[in-house]
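> Need coordinates for the below:
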Amino acid sequence: MAKKKKNSRGYPRRNVNTREVKQRFLIVCGGEETEKNYFDCFRIPGNVTRVRGLNKDPDTLINKTIGYQEEDEYDQVWCVFDKDDFHNFNSTIEKAKNEGFYVAYSNEAFELWYVLHFEFLSSGIPRQDYINKLNKLLGKKYKKNSDSIYDELFDKQETAIKNAENLFRQYNKPNPAQDNPSTTVHLLVKALNQQYRK
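So this is what the prediction gives:
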């Protein structure tokens, strides 16, 4: 065991604070409220995470994000969007990655992430069926733009992460536009948790 170096008075030097510096996140969401409300509710200091909600298609969202990242310094920039009926899904994901952004996508809907808190889902269902399923799973009417859903689902978050990872693994060579259902929202959730649960 190495001896601690002593200062000029002969006392051992204090260790320098080696705690990791928290990273700053910019999260730009395709949904004006649903995704934004969810990520706004994370137990994270507001001065280190900025969440923007846009009612824009994924391609426009990427272009807007390029501008937003120039407004401040961020360690991680994330784009969060659904496939919906968007045709250039894969190329838009590649465009985001080429800009140095991370992507948390959902095919088809962000609500897939919510469902995965309760059960594993490996078959694609129409968007409206996610709402019907959540009504049953939550035991009440699901509100799309809820600002309390994060807290309601928090205790099941580890289950959602495991289900999302298992779902992602079933696609041997991921093809986001074709892989229905699929999501990478868990990657952003894990990144946030890694930073702010220390």
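
> Partner strands of the host helix or strand of Ser106 and their direction?
Ser106 belongs to strand 102-107 when elements are defined using DSSP states H and E. Strand 102-107 pairs in its sheet with strand 76-82 (parallel), strand 182-183 (antiparallel), by DSSP bridges.

> Quick check: closest non-adjacent residue to Gly124.
Asn180 (3.7 Å; C-beta to C-beta, 6 or more residues apart in numbering). To be clear about C-beta, it is placed using only N, CA and C from the backbone, and glycine gets the same treatment.

> thinking that neighbour is in contact with Ser106, fair?
No: with contact defined as C-beta atoms under 8 Å, Asn180 and Ser106 do not form a contacting pair (9.9 Å).

> Mind checking which of those two has more residues around it?
Ser106 (25 against 14; other C-beta atoms under 10 Å).

> How about the contacts made by that one?
Each residue near Ser106 by C-beta atoms under 8 Å, 6 or more residues apart in numbering is listed here: Phe81, Asp82, Lys83, Leu112, Trp113, Pro181, Ser182, Thr183, Val185.

> run the last query once more with 7 Å
Asp82, Lys83, Leu112, Trp113, Thr183, Val185 (C-beta atoms under 7 Å, 6 or more residues apart in numbering).

> from memory the last one sits against Trp113, does it?
Yes: proximity of Val185 to Trp113 meets the contact threshold set by C-beta atoms under 7 Å, at 4.4 Å.

> circling back to that earlier point, in CSV, list the C-alpha atoms belonging to the strand holding Ser106.
What follows is strand 102-107, C-alpha atoms only, in CSV (Å, rounded to 0.1, in the frame of the first residue of the first chain):
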residue,chain,number,x,y,z
TYR,A,102,-27.6,9.9,-29.5
VAL,A,103,-31.1,8.6,-30.5
ALA,A,104,-33.9,7.2,-28.4
TYR,A,105,-36.4,6.0,-31.0
SER,A,106,-39.6,4.1,-30.8
ASN,A,107,-41.4,2.1,-33.4
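
> continuing past it, what's the next helix or strand?
Heading C-terminal from strand 102-107 (DSSP H and E), you reach helix 111-115.

> what's that next one packed up against?
The elements that helix 111-115 packs onto, with contact taken as 3 or more C-beta pairs under 7 Å, 6 or more residues apart in numbering; DSSP states H and E, are helix 127-138.

> just how off-centre is the helix or strand following the helix it packs on within its chain?
Proceeding N to C from helix 127-138, the next assigned helix or strand is helix 149-153, under DSSP H and E. The chain centre lies 15 Å from the centre of helix 149-153; the measure is C-alpha atoms, centre = their mean, to the nearest Å.
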